[in-house]
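Engineer: sequence and predicted model, in that order:
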Number of protein chains: 2
Amino acid sequence: MTASSTIPTTRAVATAFDLTTGLTEDRASLKRPLSAMAGMYSDTAAFDAQVARDDVLSYEFYDFDVPSLETEVAYGTSITYPGKVGDEYFMTKGHFHTRLESAEIYFCLSGQGLMLMESPEGDVQVEEFRPGRSVYVPGRYAHRSVNTSSDEPLITFFAFPGDAGHDYGTIETKGFRKIVVERDGAPVLLDNPRWGN
Amino acid sequence: MTASSTIPTTRAVATAFDLTTGLTEDRASLKRPLSAMAGMYSDTAAFDAQVARDDVLSYEFYDFDVPSLETEVAYGTSITYPGKVGDEYFMTKGHFHTRLESAEIYFCLSGQGLMLMESPEGDVQVEEFRPGRSVYVPGRYAHRSVNTSSDEPLITFFAFPGDAGHDYGTIETKGFRKIVVERDGAPVLLDNPRWGN
């Protein structure tokens, strides 16, 4: 990622996203192959085998380098592909905001899934993604998108304060307290057996 | 509108919007019949006749009463209906932000139109809305959505800093420097003959 500017935006920016794929040709996406998720899925043997077999693209998203100012609005699309590691659904890494109090809004364009949220104190909230459904993530909550469809990408448009920043380290180190797995064809939330390790 | 809270959000909020209409049953929209636009269209005789004949709903949008804090994100959908007053396309009132520097992001869900923007110093910018196209409105620019389709609503999802606020008065008093009218079946920008009056 590039260093963020603190010079306010003065020109409008239009970006053409494809509503079917969630992608745009106007800018390179940030791609997360499954191998970038090492240590984040609970079934490590299934993870290693799957990466060795085919290190697929698990999700991608955009960063438009909006100035790091509270008066600006960072935005982009996020595309989480369908798939599972063992019985755990494909998901994004998830993050807190560096400015912890910063909220974020997501609008689901297509697909289905869950927004998994957790506060530093351990409060867990979950909301469903369906096409046309917005999910407001309150400040102080780490958030991760989970694709619970068997065949469709989960595509969302997101927006958050320009100075929010991303703290990926906490989740990379400790994980989320809950995992989302398939049981009898439907998603269920379980305690993360590896949380905090 | 209700008084804004400054207590940070602590619960996630999910809202189901209909992607075809842009509407949700989860909350009442703010409706702007054509009569609410008195003085804003250049052809006042056509305006008066049209309101007398049928005071149609010209646009509606949502306000989710997000706390008025820079760490929160105000959001909603905006639906501008197709129509014209004389040869001037249906449009929103348009506004500056009270905290003038606050930017805003729009994502077009369906329909077509223009985002008309202008700074206090008189710089004018215009961007096109098409399905899947986002338009970033820089801070300091008043902005107005214009529906240039003959038959489709222009539906956008918007997000801006929670403390931005709305200043409608400046536009209500002076108008925008440009108007968007139909000429030979296509939208063109003209100087607003009534600007500043």
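Structural biologist: Perfect, thanks for sending it.
Engineer: A:Arg27 touches A:Asp65, doesn't it?
Structural biologist: No - with contact defined as Cβ atoms under 8 Å, A:Arg27 does not reach A:Asp65; the gap is 9.1 Å. Quick note: C-beta positions are derived from backbone N, CA and C, even for glycine.
Engineer: just give the nearest non-adjacent residue to A:Tyr62, would you?
Structural biologist: Closest residue in space to A:Tyr62, ignoring its immediate chain neighbours: A:Gly76 at 3.4 Å, by Cβ to Cβ, 6 or more residues apart in numbering or on different chains.
Engineer: burial of that neighbour, as a residue count?
Structural biologist: The number of residues packed near A:Gly76 is 23, by other Cβ atoms under 10 Å in any protein chain shown.
Engineer: and what of A:Ala16?
Structural biologist: When counting by other Cβ under 10 Å, one arrives at 15 neighbours for A:Ala16.
Engineer: tell me the pLDDT of A:Arg194.
Structural biologist: Note on A:Arg194: pLDDT of 89.
Engineer: also A:Arg140?
Structural biologist: 98.
Engineer: how far away is it from B:Glu128?
Structural biologist: 38 Å (Cβ to Cβ, to the nearest Å).
Engineer: name the residue in those two with the higher neighbour count.
Structural biologist: A:Arg140 (21 against 15).
Engineer: confirm for me that the more buried one is in contact with A:Arg99.
Structural biologist: No - taking contacts as Cβ under 8 Å, A:Arg140 lies outside contact range of A:Arg99: 10.2 Å.
Engineer: which residue does chain A bring closest to chain B?
Structural biologist: Ranked by Cβ to the nearest Cβ, the top residue of chain A for proximity to chain B is A:Ala159, at 3.6 Å.
Engineer: and the closest residue to A:Ile79 other than its chain neighbours, what does it touch?
Structural biologist: Spatially, and ignoring its direct neighbours in sequence, A:Ile79 is nearest to A:Gly22 (4.2 Å; Cβ to Cβ, 6+ apart). By Cβ atoms under 8 Å, 6 or more residues apart in numbering or on different chains, the contact set of A:Gly22 is A:77-79, A:109-110, A:153, A:155-156.
Engineer: may I see those organised as CSV, with pLDDT, neighbour count and secondary structure added?
Structural biologist: Converted to CSV, the contacts of A:Gly22 look like this (pLDDT from 0 to 100; neighbours: other Cβ atoms under 10 Å in any protein chain shown; DSSP: H, G, I helix; E, B strand; the rest coil):
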residue, pLDDT, neighbour count, secondary structure
A:Thr77, 98, 25, strand
A:Ser78, 98, 21, strand
A:Ile79, 98, 25, strand
A:Leu109, 98, 26, strand
A:Ser110, 98, 20, strand
A:Pro153, 98, 22, coil
A:Ile155, 98, 26, strand
A:Thr156, 98, 26, strand
